[in-house]
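Trainee: coordinates for the following, if possible.
(chains A, B and C)
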Amino acid sequence: MNLIVNGEKHEHTGSGTIDALLEELEANQAHTALMVNGDVVPSESWKNTALNENDEVEMLVFVGGG
Amino acid sequence: MTEELPEWLDPTRWLPMAGSDNRAAIRSAILSEDPTERELALMLSPAAGEFLELMAQRARAITKRHFGQTIQLYTPLYLSNFCNGGCLYCGIAGDRRAKRAVLDEAQLRHEMEAIKDMKLEELVLLTGERMPEADVPYLKECITIAAEYIHNVNIEVFPMSGGEYRELAEAGCTGVTLYQETYDQHIYEKMHRWGDKRDYFSRLDAPDRALKGGLRTIGIGALLGLADPTYDILCVYRHAKYLLKNYWQAGVSISFPRIKPQMGGFQADFPVDEKMLAQYIFALRICLPEIPLVLSTREPRHVRDGMAGLGISKMSVASKTTVGGYSDDSDESTEQFEISDERNIPEFCDMLRARGFEPVFKNWDSTYREPANYAAG
Amino acid sequence: MNDILKVGDQEFNSRLFLGTGKFSSTNAMIEAVKASGTELVTVALRRFNRDQAEDDLYGPLAELSNVKLMPNTSGAMNAKEAVRAAMLGRELSKSPIVKLEIHPNPHHLLPDPIETHEAAVELVKQGFLVLPYIPADPVLAKRLEDIGCAAVMPLGAAIGTGKGLSTAEMIKIIVRDANVPVVVDAGLRAPSEAACAMEMGCDAVLVNSAIAAAEDPAAMGAAFKTGVEAGRMAFNGGLMSTSEVAVASSPLTSFLSNND
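Mentor: Below is the predicted model:
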């Protein structure tokens, strides 16, 4: 399905759960925080949350900051 | 029977400093840029009396910075001298032979007309202990009436509940004056022979209840002479700091009532003379630069004249301590304490102006009269 | 002597907090963090980039077992964004502590008091331990304390300017009136300035640029550690007072008698 991930178009070829998307992008699940369409999605729900066509996904990690 | 003082009040940490005779340390404290309680204690020591002139210089400079060349004026009005209290030091205690009186509405309005004619805008309404003749409903009425005439109505009465304070705030009362009399529990117990006033801690917490109840300003103080004044002044300082920190929108002021011999014949066990009074005022001005410091007409002319602007930023004027008293028909035998400065307003203001001070009658507008509200917690 | 810093229910032995931004490398940052003895570092949130996976600090910082992570909402331009950033940060840190930072101007990076207050109200409601980064405004500090912030973090000077305690007089008032810990955050350049803040009575300092941009960040981290400790010891020891010079003039107290 087509998704917008971190502001860019992305074609997801996995099963369509958040879990699957993260695996596809090789993101470390324990180090990633996630929003779908502006809402924070807690990690406990990732296995069961299905993404929909054209969903906007934001994946965030900790980096250096003051 | 005494309980432990709350930590915010207990002055024992710096009390020993108030017995210091280390001249260098005292001088350094007086000149300190950011004086703390430690410096205050040093300034309260008898040895600091030697540096009175230096303290006066600093006190004047600081008062000028924060209050300019102005003196705030207010007047007291006794609503009632009915009292069943047992204060050993007071002329209208329950067992003293004073003629009792209470103002009715007509009399109060008469007094308010006279006060308004004198251009006064700040008033303190006084009663004795809680009595059926002058309880909260009566006070509420009086405040409502007084607030029709002038902008800033305050009370100096018995401590009450938070709910009662809120009622009075909503009726138009701006502030409360309540002296702990002495913070020394042993002496407090001795001085208050019977009645509600024996409850030291309920009185101590009353300013909190008043401010939480929506009153905007609180005046505190100790009756100098009842106990060791260095103890009491340190406690007044700690009390002021506590109120400033926990009720950050409230105005806090400090007064310096001093025991004078009166009809009841009470003599102070710890007499405070003029120079000691001045020393304590200077010390508090140096350590609490922004707090109004108040002197009443209990003090003689020469003291009031000299202390204006030397730490003191606010004074009562044209006071009567008889019930009513501003209109012509008051009764002298209802007086709580003797007035030492009987000058009328024009005379007093002339004196102030001659010394370069502008008398200020109004420092508050009734437009701001809504009770204060603190965020929960 | 027990001098533990309590922020909400969290306890710290070190009164030096560190920011993790602007370091030349993750390794340099880790070495500085270790040398500083800090127990709390701030981290920011950025979009995951699979080509820059080494930017992810979570792993390296997680290895430092006594160091807590405090997400920073920096990047947010308003309350709504800051709240969202805080919630994302909590997802990762699994901790309620958050540095609330909202700077709408990307040049001076000064904090927005209005958006900060609004965000703080919401975040406190959601159970966060909010540490708001604010202008050194004593009234704002009390307002934020009133609504339940766990501390206040007034700036010494604008981020990265190294102008030190330019807001010293305001910070003194904040310290005097505060019932929550006061952490000076931003603008400190030298360990002596951190010591000065501690001598004033501040409860902790947060330092980032001064350490990250030093020639030897690890050495600077150690220097700040010592500066903060010295300042705190001096404060606890009771500093001697400084003197104002009194101006002599004609006597003011001759009116006082020995009567009464």
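
Trainee: alpha carbons only for contacts and neighbour counts from here, please
Mentor: Fine.

Trainee: and residue B:127, how far from chain C?
Mentor: Using Cα to the nearest Cα, to the nearest Å, we find residue B:127 at a distance of 28 Å from chain C.

Trainee: report the separation between that residue and chain A.
Mentor: Residue B:127 is 59 Å from chain A, by Cα to the nearest Cα.

Trainee: what does residue C:100 give?
Mentor: Applying Cα to the nearest Cα to residue C:100 and chain A gives a distance of 11 Å.

Trainee: repeat for residue B:94
Mentor: Per Cα to the nearest Cα, residue B:94 is found 67 Å from chain A.

Trainee: okay, and residue B:11 sits in which element?
Mentor: Assigned by DSSP states H and E, residue B:11 belongs to no helix or strand.

Trainee: what is the burial count for it?
Mentor: Other residues near residue B:11 come to 22 when the count uses other Cα atoms under 10 Å in any protein chain shown.

Trainee: enumerate every residue touching residue A:56.
Mentor: Residues counted as contacts of residue A:56 (Cα atoms under 8 Å, 6 or more residues apart in numbering or on different chains) are A:3, A:4, A:5, A:6, A:7, A:36, A:37, A:38.

Trainee: and for the closest residue to residue B:160 other than its chain neighbours, the neighbour number?
Mentor: Nearest residue to residue B:160 in three dimensions, chain neighbours excluded: residue B:206, at 6.9 Å (Cα to Cα, 6 or more residues apart in numbering or on different chains). By the measure other Cα under 10 Å, the count of residues near residue B:206 is 20.

Trainee: try the one 3 residues further on
Mentor: Using other Cα under 10 Å, residue B:209 has 21 other residues around it.

Trainee: angles on the backbone of residue 7, please.
Mentor: Chain wasn't specified; assuming chain A. Backbone torsions of residue A:7, given as degrees, to the nearest 10, read phi 80, psi 0.

Trainee: look at chain C instead
Mentor: phi -120, psi 110.

Trainee: quickly list what it is bridged to.
Mentor: Counting by DSSP bridges, residue C:7 is bridged to residue C:10.

Trainee: spit out the contact partners of it.
Mentor: Counted by Cα under 8 Å, 6+ apart, residue C:7 has contacts C:150, C:151, C:180, C:181.

Trainee: out of the residues you listed, which is nearest to chain B?
Mentor: Distance to chain B, by Cα to the nearest Cα, is smallest for residue C:180 among the contacts of residue C:7, at 11.1 Å.

Trainee: wait, a strand at that closest one?
Mentor: No. Secondary structure of residue C:180 (DSSP: H, G, I helix; E, B strand; the rest coil): coil, not part of a strand.

Trainee: so where's the longest strand in the chain?
Mentor: Since you didn't name a chain, this refers to chain A. strand A:56-64 (DSSP state E).

Trainee: not what I meant, chain C
Mentor: Longest strand of chain C, by residue count under DSSP E: strand C:40-47.

Trainee: contacting residues around the helix or strand following that one?
Mentor: Once strand C:40-47 ends, the next helix or strand along the chain (criterion: DSSP H and E) is helix C:58-62. By Cα under 8 Å, 6+ apart, the list of residues contacting helix C:58-62 from outside reads A:31, A:61, A:62, A:63, C:26, C:30, C:67, C:69.

Trainee: just the buried residues from those, in ChimeraX please.
Mentor: Of those, the buried ones go into a single ChimeraX selection, burial set by 16 or more other Cα atoms under 10 Å in any protein chain shown:
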select /A:31,61,62,63 /C:26,30,67,69
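
Trainee: nearest to chain B, of the contacts of helix C:58-62?
Mentor: Of all those, chain B sits closest to residue C:69, with 28.2 Å by Cα to the nearest Cα.

Trainee: confirm that closest one sits in a strand?
Mentor: Yes. Membership of residue C:69 in a strand is supported by three-state DSSP.

Trainee: I'd guessed it sits against residue C:45; true?
Mentor: No. Counting by Cα atoms under 8 Å, residue C:69 does not reach residue C:45; the two are 11.9 Å apart.

Trainee: which residues in chain C form strands?
Mentor: Under the criterion DSSP E, chain C contains strands at C:5-7, C:10-12, C:16-19, C:40-47, C:68-71, C:97-100, C:129-134, C:153-154, C:183-185, C:204-207.

Trainee: now do the fifth one, average pLDDT.
Mentor: Here strand C:68-71 scores 96 as its mean pLDDT.

Trainee: got it, and the second one?
Mentor: Per-residue confidence for strand C:10-12 averages out to 97 on the pLDDT scale.

Trainee: neighbouring contacts of that strand?
Mentor: C:4, C:5, C:6, C:39.

Trainee: out of those residues, who has the most neighbours?
Mentor: Counting neighbours by other Cα under 10 Å, residue C:39 leads the contacts of strand C:10-12 with 21 neighbours.

Trainee: isn't that residue up against residue C:14?
Mentor: Yes. Look at residue C:39 against residue C:14 with Cα under 8 Å: they come within range, at 6.2 Å.

Trainee: which residues touch the nearest residue to residue C:110 once chain neighbours are set aside?
Mentor: Nearest residue to residue C:110, sequence neighbours excluded (Cα to Cα, 6+ apart): residue C:103, at 5.5 Å. By Cα under 8 Å, 6+ apart, the contact set of residue C:103 is C:74, C:75, C:76, C:77, C:109, C:110, C:111, C:112.

Trainee: nearest to chain C: which residue in the stretch 101-250 of chain B?
Mentor: For the stretch 101-250 of chain B, Cα to the nearest Cα, closest residue to chain C: residue B:245, 4.9 Å.

Trainee: how about the helices in the stretch 251-377 of chain B?
Mentor: Under the criterion DSSP state H, counting those that start in this stretch, helices of the stretch 251-377 of chain B are mapped to B:274-287, B:301-307, B:345-354.

Trainee: need the winner for burial among those.
Mentor: Stretch with highest mean neighbour count among the helices of the stretch 251-377 of chain B: helix B:274-287 (a mean of 25; mean count of other Cα atoms under 10 Å in any protein chain shown).

Trainee: average pLDDT for that helix?
Mentor: Mean predicted confidence for helix B:274-287 is 97.

Trainee: name every strand pairing with the longest strand of chain C and say which way it goes.
Mentor: strand A:56-64 (antiparallel), strand C:16-19 (parallel), strand C:68-71 (parallel).

Trainee: what does the stretch 1-150 of chain B have sitting close to chain C?
Mentor: Contact residues (Cα under 8 Å from any Cα of the partner chain) of the stretch 1-150 of chain B with chain C: B:28-29, B:31-35, B:52-54, B:56-58.

Trainee: just the buried residues of the residues you listed.
Mentor: Using 16+ other Cα under 10 Å, the buried ones in the residues of the stretch 1-150 of chain B next to chain C are B:28, B:29, B:31, B:32, B:35, B:52, B:53, B:54, B:56, B:57, B:58.

Trainee: export those to a markdown table and tack on secondary structure and pLDDT?
Mentor: Converted to a markdown table, these look like this (DSSP: H, G, I helix; E, B strand; the rest coil; pLDDT from 0 to 100):
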| residue | secondary structure | pLDDT |
| --- | --- | --- |
| B:28 | helix | 92 |
| B:29 | helix | 95 |
| B:31 | coil | 94 |
| B:32 | strand | 93 |
| B:35 | coil | 94 |
| B:52 | helix | 97 |
| B:53 | helix | 95 |
| B:54 | helix | 95 |
| B:56 | helix | 96 |
| B:57 | helix | 94 |
| B:58 | helix | 94 |
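
Trainee: which of these lies closest to residue B:226?
Mentor: Using Cα to Cα, residue B:52 comes nearest to residue B:226 of these, at 23.0 Å.

Trainee: contact partners for the closest one?
Mentor: For residue B:52, the contacting residues are B:275, B:278, B:279, C:253, by Cα under 8 Å, 6+ apart.

Trainee: any idea how far chain A is from it?
Mentor: Relative to chain A, and taking Cα to the nearest Cα, residue B:52 is found at 52 Å.

Trainee: next: residue B:164.
Mentor: Counting by Cα to the nearest Cα - residue B:164 and chain A are separated by 48 Å.
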